[in-house]
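1. the following comprises the amino acid sequence and a computationally predicted model.
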Amino acid sequence: MPKAKAKADAKASDNRLKRKGAGAGRKQSKKAAKDPNKPKRPPSAFFVFMSEFRELYKKEHPNNKSVAVVGKAGGDKWKSMSDAEKAPFVARAEKKKEEYDKTILAYNKKLEGKSPSEEEESDKSKSEVNDEEEEEEEDDDE
């Protein structure tokens with residue numbers, strides 16, 4: 001019976017080596033840090049509608065505390081609306097999109113203006129960088 005025991009041991013070790021979960025065995029890549037100064041994307045026409053709808057719904061149903069109920073009611077109302085009824089919300093969303101496009105262009109130009117050394121801080125301290133500059137100046141004088 002030693003063969004049976006060897007097979008059982010092999011299975012047990014195989015099970016210990018397997019990883020569970022999504023992406024097991026893959027190295028996770030680090031996400032780039034989000035820039036807090038980057039402008040937020042503009043809301044769609046539906047979200048412009050929902051901001052107004054939430055206020056009306058809260059006035060009509062003051063005892064309702066469920067976010068899901070408000071969202072479901074807003075979605076049903078949006079689906080039942082005609083294109084003519086949606087037009088003011090679409091217009092407001094387009095206006096916000098134009099404003100966003102202008103601000104994102106300004107933001108991107110501002111980023112392009114920075115040199116790569118300003119965006120990524122070097123491992124050297126400021127004093128080390130200053131020391132190197134002084135050495136270069138001394139070399140130039142000689």
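-> All right, it came through fine.

2. any idea which element Val48 lies in?
-> helix 45-60 (DSSP states H and E).

3. same question for that helix: list its buried residues.
-> 45-46, 48-50, 53, 57 (16 or more other CB atoms under 10 Å). Every residue, glycine included, has its C-beta placed from N, CA and C.

4. what angle do the lengthiest helix in the chain and helix 45-60 make?
-> The longest helix of the chain (DSSP state H) is helix 83-113. Using axes from the mean of the first three to the mean of the last three CA atoms, to 10 degrees, one finds that helix 83-113 and helix 45-60 are set 120 degrees apart in direction.

5. tell me which other helices or strands helix 83-113 touches.
-> If you count contacts as 3 or more CB pairs under 8 Å, 6 or more residues apart in numbering; DSSP states H and E, helix 83-113 packs onto helix 45-60.

6. what's the helix it packs on in contact with?
-> Residues outside helix 45-60 that contact it (CB atoms under 8 Å, 6 or more residues apart in numbering): 43, 64, 70-71, 73-74, 77-78, 86, 89-90, 92-93, 96.

7. do stretch 72-84 as well
-> By CB under 8 Å, 6+ apart, the residues outside stretch 72-84 that reach it are 46, 49-50, 53-54, 57, 86.

8. what residues of that stretch count as buried?
-> By 16+ other CB under 10 Å, the buried positions in stretch 72-84 come out as 73-74, 78.

9. hang on, the earlier thing: now the buried members of the contacts of helix 45-60.
-> The neighbour count (16+ other CB under 10 Å) marks 43, 70, 73-74, 78, 86, 89, 92-93, 96 as buried among the contacts of helix 45-60.

10. most widely separated two among these?
-> Ala73 and Lys96 (23.7 Å; CB to CB).

11. list the contacts of Pro42.
-> Contact analysis of Pro42 by CB under 8 Å, 6+ apart lists 93, 96-97, 99-100.

12. quick one: least confident helix or strand in this protein?
-> helix 116-119 (a mean of 47; mean pLDDT, DSSP states H and E).

13. so where's this structure uncertain?
-> Within the chain, the ranges that satisfy pLDDT under 70 run 1-26, 115-142.

14. quick one, what contacts Tyr100?
-> The contact partners of Tyr100, taken as CB under 8 Å, 6+ apart, are 39-42.
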